[in-house]
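A.B. asks: Give the three-dimensional model of this entry:
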Amino acid sequence: MKTVLITGCSSGFGLEIARHFLDRGWRVIATMRTPREDILPVSEHLRVLALDVTDAKSIQRAVEAAGPIDVLVNNAGFGAAAPIESMPLATMRELFETNTFGTMALTQAVLPQFRQRKAGVVINVTSSVTFKALPLVGVYRASKAAVNAFTESLAAEVEQFGIRVRLVLPGRAPETRFGDNAQPHTAGIDHEAYAELVKNLFATFAENVGPITHSEDVARAVWRAATDPDSPMHIPAGEDAEAWAAEQR
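C.D. replies: Residues are numbered from 1 along each chain as shown. Prediction:
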């Protein structure tokens, strides 16, 4: 039985990824800042651990408690929307601490066991916004684009040890709590110079037209990355993400 450790499992993509692997007979270590076992199916193959990816001691405790794992899924993260000019620097730092440095730190903590066993898979969940420039999410996009670059270089470094590294890039997922989680981080969005831009963009989102991404799309993409050695480095997840990826190509 193989083991997967997934971050950010309290809702959204992480929760669905955990369910997906449990349904397929894997041992799942579902991590979140505040552990909740009631949101996942009861299973002898499930273990819920506390993990704050911005806290080095929390990372160390979780990795030690998890023991040997076969696949690491770095999914934890959050979004924030505001014009770059008016977004507080503290929010920018928080975005990078969680989305970028948290992913890097946990990967560093897990790589030694993968290298020693000459096996393992690292899957980093970023975003399809890295395919295309969009207003108001410039800093969020930058935090995810940094992970893309980190992941691509990591793959080149650890291939010699039998370690596979993949990127899963989801599209827009209205059904998740992504928007709700971004609400506390919207300071600066009310800058009067950008009012018309903000109004028009939010009106477009409210219409909710066109293709979107579902949590199941992301879970399937992560499963493919974990189980298919021939999967590509970049795996878009969701119809909209696939369209943007094709457009970029």
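A.B. asks: Please count neighbours and contacts with C-alpha atoms only from this point.
C.D. replies: Will do.
A.B. asks: For the chain, which element, helix or strand, carries the lowest mean pLDDT?
C.D. replies: Of all regular secondary-structure elements in the chain, judged by mean pLDDT, DSSP states H and E, the least confident is helix 178-182 with a mean of 53.
A.B. asks: wait, what's in contact with residue 103?
C.D. replies: Contact criterion C-alpha atoms under 8 Å, 6 or more residues apart in numbering gives 53, 74, 76, 124, 147 as the residues in contact with residue 103.
A.B. asks: Columns neighbour count on top of those, output as TSV?
C.D. replies: Formatted as TSV, the entries for the contacts of residue 103 read as follows, by neighbours: other C-alpha atoms under 10 Å:
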residue	neighbour count
53	29
74	25
76	27
124	27
147	23
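A.B. asks: Export those as a markdown table, with columns for secondary structure.
C.D. replies: Supplementary listing: the contacts of residue 103 in a markdown table, determined by DSSP: H, G, I helix; E, B strand; the rest coil:
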| residue | secondary structure |
| --- | --- |
| 53 | coil |
| 74 | strand |
| 76 | coil |
| 124 | strand |
| 147 | helix |
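A.B. asks: and these as a markdown table, adding distance to residue 166 and pLDDT?
C.D. replies: Putting those into a markdown table (distance: C-alpha to C-alpha, whole Å; pLDDT from 0 to 100) gives the following:
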| residue | distance to residue 166 | pLDDT |
| --- | --- | --- |
| 53 | 19 | 98 |
| 74 | 11 | 98 |
| 76 | 16 | 96 |
| 124 | 6 | 98 |
| 147 | 11 | 98 |
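A.B. asks: Please work out the average pLDDT along the next helix or strand after the least confident helix or strand of the chain.
C.D. replies: With elements assigned by DSSP states H and E, the helix or strand that comes after helix 178-182 is helix 195-207. Averaged across helix 195-207, the pLDDT comes to 82.
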